[in-house]
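**Student:** Sequence unavailable; structure follows:
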């Protein structure tokens, strides 16, 4: 049983998909992207991201992504993926927020 559990842990650690998912970012391609309190467009807007902003993605929810948003009450916000382009995060591209 211990060998099986160890094999599962090793397989998960070597899976490149899991590593790539942690380094995703949304680059805003519209003039201003609304940042919502939760992943629904009927929830309050907690801010706006300017065009060109690179927002590190902490979780991909399909058509929404969860991003760090310090001015939100809980420190996170959600952006619809149609507001930008998902791709690998780059360390030299800081987020620009409004």
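**Tutor:** Structure's in. What do you need? Every value quoted in this text rests on a predicted model; they were computed, and no experiment measured them.

**Student:** In which helix or strand does residue 3 reside?
**Tutor:** Using DSSP states H and E, residue 3 sits within helix 2-14.

**Student:** quick one: average pLDDT of that helix?
**Tutor:** Averaged across helix 2-14, the pLDDT comes to 68.

**Student:** Return the set of buried residues in stretch 79-93.
**Tutor:** Within stretch 79-93, the residues that count as buried by 16 or more other Cβ atoms under 10 Å are 79-80, 83-84. Heads up, the C-betas are built off the backbone N, CA and C, glycines and all.

**Student:** among the residues you listed, which two are most distant?
**Tutor:** Spanning the widest gap among the buried residues of stretch 79-93 are 80 and 84, at 8.8 Å by Cβ to Cβ.

**Student:** Report the set of residues contacting both of those two.
**Tutor:** By Cβ atoms under 8 Å, 6 or more residues apart in numbering, residue 80 and residue 84 have these common neighbours: residue 33.

**Student:** which element is residue 59 on?
**Tutor:** Judged by DSSP H and E, residue 59 forms part of strand 54-60.

**Student:** in that strand, what counts as buried?
**Tutor:** So, applying 16+ other Cβ under 10 Å, buried residues of strand 54-60: 54-57.

**Student:** just checking, what packs against that strand?
**Tutor:** In terms of contacts (3 or more Cβ pairs under 8 Å, 6 or more residues apart in numbering; DSSP states H and E), strand 54-60 is packed against strand 24-28, strand 64-68, strand 84-88.
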